[in-house]
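A.B. asks: give me the fold of what follows.
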Amino acid sequence: MKRQNLKIENKEAKTTLEVNVYYPKGITLISLVITIILLIILATIGINMAVGENGIIKIAKQTRENYIKASIKEELELELMNIQTKKYEETGKKASLEDVKELINKNKYEVNIEEGSSRAQIENIEKEYTIIVDETLTIQDIEKTTNKDKSIKIETKAINKEDYTMATITIKITVEEKITSIKIGEEEIQIPEKVEENGKNIYEIEKEVEKNANYKIRVETVSGKINTKIQNVSNLSEDMEIYTAQDLVKFRERVEKGATYEKRTVTLMNDIDLSAVCGKEISWKPIGYKTLDPENEDDDYIYFRGTFNGQYKNINNLYIKTDEYEYAGLFFFNAGTIKNIKMNNVNIYADYSNSPNASDWHTYIGSLVGYNEGTIENVGINSGSITNINTCQPTRRFRVTAGGGIVGKSLGDIKSCYNCANIEIINVANNNQDMRPANHVGGIVATSFELIENCYNVGNVIATGGWYTNDTGGITGRMAEGEVTNCYNYGTITAQNANTNLAGGIVGRKNSGSITKTYYTDTSTAYSYWSSPSSHYTTGKVTEENLKGYATKLNEGNEIEIWTDDTGINNGYPILKWQIEQ
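C.D. replies: Residues are numbered from 1 along each chain as shown. Purely as a prediction, here's the structure:
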């Protein structure tokens with residue numbers, strides 16, 4: 001037997017395997033080579049199993065890391081639970097992040113809460129981990145903080161835009177050495193020009209972000225020193241799904257804080273019963289309303305600017321009883337898109353007669369929106385009542401009291417909508433000091449400036465008083481300008497007890513714009529004139545039986561088929577196709 005000592009080196013793993021090979025004197029060279037190759041393969045497999053990408057050593061390390069994180073989380077959850085219990089026993093209230101900062105075990109934890117943030121960074125001093133906790137004291141993230149070089153000072157701050165569509169993260173880095181890498185999350189950031197100050201280098205960066213998240217800032221110097229910091233961004237408006245009435249309230253609260261939801265979509269996932277959050281004991285606060293700061297002339301209400309997609313779900317039992325909103329409905333202001341919603345049992349009762357603002361305010365009420373500058377489409381009001389009253393003597397000339405089935409005042413487009421709710425407006429009937437109070441009331445919109453297309457009204461519309469003009473229409477009460485087309489009405493329209501009563505089957509008063517392909521039944525208009533009897537505002541009168549067969553006529557000129565014959569839900573009158581397709 002002969003012995004041959006071999007050394008097998010794996011350069012990638014930086015390991016060497018020494019092997020003594022014994023072979024008979026008569027063995028061939030080929031056999032020896034094959035044997036050596038087999039040994040090399042076996043050695044490589046063994047090393048890779050130990051230290052490779054999915055090697056045993058790496059898996060073991062990851063398992064240990066997960067165990068440590070779970071242990072740290074459990075310890076902190078117990079600490080937070082104790083704080084919650086202590087706070088509740090002492091005050092009867094839930095603990096806040098500030099309470100955590102005050103009551104936590106300071107030998108073990110350090111709490112940092114940045115101004116305006118709804119989250120806290122809690123450093124586990126003993127084990128060198130950073131834990132992110134939100135305002136409900138729920139743990140959101142855990143990150144290892146070891147190997148940080150504190151000679152690299154990182155200062156960060158996040159500032160949300162006023163409309164909460166994005167935030168700016170500002171970063172200031174102070175370090176003695178030259179920086180070779182700055183990362184925010186996985187994104188490599190261009191290193192800015194440095195400024196020297198007191199013998200150190202100052203780097204300043206601004207980064208705009210659009211999502212709520214914990215953003216990790218990582219800085220590395222030329223000598224390999226590394227430091228990191230987490231900056232939380234919260235309260236930005238994001239795409240949102242609404243499953244419950246409580247979710248809708250949360251959405252409203254975020255809009256009230258300034259979140260416009262521009263370029264975002266809010267989606268209704270279920271039918272919503274609002275009786276859980278509003279009723280005789282508490283009125284619904286319209287989305288976008290807020291109490292204005294009297295000391296700030298620039299303070300204003302909040303426009304919703306995103307997309308609210310109801311997915312043809314039902315919103316039931318909206319209840320508003322108020323004298324404090326100039327505009328009232330499910331939404332206060334809309335400058336986005338609201339679509340695909342059905343509403344049932346709408347109950348809005350506004351009486352401003354004794355309000356501090358009664359003599360001065362124009363007031364506009366609608367089931368869906370008080371004031372619209374956006375697009376509203378595929379919305380149906382199946383039942384309910386809308387009442388707006390102001391019998392206070394006005395101090396503002398031409399003070400308007402108004403109500404619409406869908407919208408109070410619209411400077412945007414309204415398409416493929418219907419209303420079955422009844423609407424009543426009551427205004428002062430005299431003209432003291434020549435103030436000339438007025439009513440605007442319509443089955444779809446009270447006052448319109450833009451397009452109303454492919455809509456119909458079933459609800460009864462009645463307006464009383466409004467000395468100057470009582471503009472009452474099946475589709476819109478006052479048409480300031482714009483267009484009304486492909487619409488019909490068979491609700492009863494009544495204007496009474498004013499100097500000038502204008503009750504129109506489609507439009508009460510038309511100042512400008514065009515009315516085309518619109519129809520109303522011969523029984524719908526109760527009373528209409530402008531100084532003398534006129535048909536200017538009531539063109540399109542047809543019999544009930546004729547109107548019931550007008551689906552094809554209403555579709556003429558539409559690029560797609562929007563209307564269809566009734567299937568038993570609208571007393572034989574045409575309906576919108578989406579009513580039966582969804």
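
A.B. asks: which residue is the nearest non-sequential neighbour of residue 377?
C.D. replies: Distances taken as CB to CB, 6 or more residues apart in numbering place residue 415 nearest to residue 377, at 4.2 Å, with adjacent residues excluded. The C-beta positions use only the backbone N, C-alpha and C, and glycine is treated the same way.

A.B. asks: right, I mislabeled it, should have said residue 572
C.D. replies: residue 548 (4.4 Å).

A.B. asks: for that neighbour, what are phi and psi?
C.D. replies: phi -60, psi -20 (degrees, to the nearest 10).

A.B. asks: neighbours of it, how many?
C.D. replies: Using other CB atoms under 10 Å, residue 548 has 18 other residues around it.

A.B. asks: residues touching it, list them.
C.D. replies: Contacts for residue 548 (CB atoms under 8 Å, 6 or more residues apart in numbering) come out as 566, 572, 573, 574.

A.B. asks: so, low pLDDT: which residues of the chain?
C.D. replies: Residues of the chain meeting the criterion pLDDT under 70: 1-55, 107, 125-126, 145-147, 292, 525-539.

A.B. asks: pull the longest helix from it.
C.D. replies: Longest helix in the chain, counting residues (DSSP state H): helix 56-91.

A.B. asks: touching the host helix or strand of residue 426 from outside, list them.
C.D. replies: Applying DSSP states H and E as the criterion places residue 426 in strand 422-427. Residues from elsewhere that reach strand 422-427 (CB under 8 Å, 6+ apart): 384-391, 401-405, 437-443, 459-467, 470, 472, 498.

A.B. asks: now do that strand: distance to the chain's middle.
C.D. replies: 32 Å (CA atoms, centre = their mean, to the nearest Å).

A.B. asks: if I look at the nearest residue to residue 434 once chain neighbours are set aside, how far off is residue 466?
C.D. replies: The shortest distance from residue 434 to any non-neighbouring residue, by CB to CB, 6+ apart, is to residue 397 (7.5 Å). Taking CB to CB, to the nearest Å as the measure, residue 397 falls 13 Å from residue 466.

A.B. asks: please apply the same query to residue 78.
C.D. replies: Taken as CB to CB, the span from residue 78 to residue 466 is 66 Å.

A.B. asks: who has more neighbours out of the two?
C.D. replies: Taking neighbours as other CB under 10 Å, residue 78 and residue 466 compare with residue 466 leading, 33 against 10.

A.B. asks: so who does that one touch?
C.D. replies: Per CB under 8 Å, 6+ apart, neighbours of residue 466: 401, 425, 427, 428, 429, 437, 438, 439, 498.

A.B. asks: ok, residue 307 next?
C.D. replies: 261, 264, 265, 266, 336, 337, 338, 339.

A.B. asks: what's across from residue 203 in the sheet?
C.D. replies: residue 173 (DSSP bridges).

A.B. asks: quick check: closest non-adjacent residue to residue 164.
C.D. replies: Spatially, and ignoring its direct neighbours in sequence, residue 164 is nearest to residue 259 (3.9 Å; CB to CB, 6+ apart).

A.B. asks: name the SS class of that neighbour, please.
C.D. replies: Following DSSP: H, G, I helix; E, B strand; the rest coil, residue 259 is assigned to coil.

A.B. asks: give me the domain ranges for this protein.
C.D. replies: 2-52, 95-233, 240-493+546-581 (automatic domain parsing).

A.B. asks: right, and these - which one's nearest residue 72?
C.D. replies: domain 95-233 (5.3 Å; CB to CB).

A.B. asks: what is the end-to-end distance of the closest one?
C.D. replies: End-to-end distance of domain 95-233 (CA to CA, to the nearest Å): 22 Å.

A.B. asks: just how off-centre is that domain within its chain?
C.D. replies: Centre-to-centre, domain 95-233 and its host chain are 27 Å apart (CA atoms, centre = their mean).

A.B. asks: before we move on, what about stretch 424-440?
C.D. replies: 38 Å.

A.B. asks: tell me which residues in it are buried?
C.D. replies: 424, 425, 426, 427, 428, 429, 435, 436, 437, 438, 439, 440 (16 or more other CB atoms under 10 Å).

A.B. asks: let me know the closest of those to residue 193.
C.D. replies: So of the buried residues of stretch 424-440, ranked by how close each gets to residue 193 (CB to CB), first place is residue 440, at 60.3 Å.

A.B. asks: could you tell me how far that closest one is located from residue 388?
C.D. replies: Taken as CB to CB, the span from residue 440 to residue 388 is 10 Å.

A.B. asks: got any residues that touch both of these two?
C.D. replies: 401, 402, 425.

A.B. asks: what segments of the stretch 1-150 of the chain are helices?
C.D. replies: Applying DSSP state H, counting those that start in this stretch to the stretch 1-150 of the chain gives helices spanning 29-51, 56-91, 97-103.

A.B. asks: residue 463 contacts residue 469, correct?
C.D. replies: No - at 9.9 Å, residue 463 and residue 469 do not qualify as touching, with contact defined as CB atoms under 8 Å.

A.B. asks: roughly how far is stretch 374-392 from the heart of the chain?
C.D. replies: That offset, for stretch 374-392, works out to 22 Å (CA atoms, centre = their mean).

A.B. asks: over to stretch 345-357?
C.D. replies: Distance, centroid of stretch 345-357 to centroid of chain: 27 Å (CA atoms, centre = their mean).

A.B. asks: for the stretch 451-582 of the chain, which segments count as helices?
C.D. replies: 544-547, 551-555, 578-581.

A.B. asks: pick the most buried one from the ones you listed.
C.D. replies: helix 551-555 (a mean of 18; mean count of other CB atoms under 10 Å).

A.B. asks: what comes into contact with that one?
C.D. replies: For helix 551-555, the external contacting residues (CB under 8 Å, 6+ apart) are 454, 486, 488, 517, 561, 562, 563, 564, 565, 574, 575.

A.B. asks: what's the helix or strand for the closest residue to residue 278 other than its chain neighbours?
C.D. replies: Leaving aside its chain neighbours, residue 278 sits nearest to residue 284 (4.0 Å; criterion: CB to CB, 6+ apart). Using DSSP H and E, residue 284 falls within no helix or strand.

A.B. asks: so who does residue 284 touch?
C.D. replies: Counting by CB under 8 Å, 6+ apart, residue 284 makes contact with 274, 277, 278, 318, 319, 320, 330.

A.B. asks: okay, and which of these map to strands?
C.D. replies: 319, 320 (DSSP state E).

A.B. asks: between the contacts of residue 284, which sits nearest residue 153?
C.D. replies: Nearest to residue 153 among these, with distances taken as CB to CB, is residue 277, at 47.7 Å.

A.B. asks: quick one: the strands in the stretch 201-350 of the chain?
C.D. replies: 213-221, 226-233, 240-242, 265-268, 272-273, 307-316, 319-322, 327-328, 331-334, 337-344, 346-351 (DSSP state E, counting those that start in this stretch).

A.B. asks: can you lay out these as TSV showing distance to residue 165?
C.D. replies: Conversion of the strands of the stretch 201-350 of the chain to TSV gives the following (distance: least, CB to CB, whole Å):
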stretch	distance to residue 165
strand 213-221	15
strand 226-233	12
strand 240-242	14
strand 265-268	13
strand 272-273	25
strand 307-316	14
strand 319-322	29
strand 327-328	23
strand 331-334	16
strand 337-344	16
strand 346-351	31
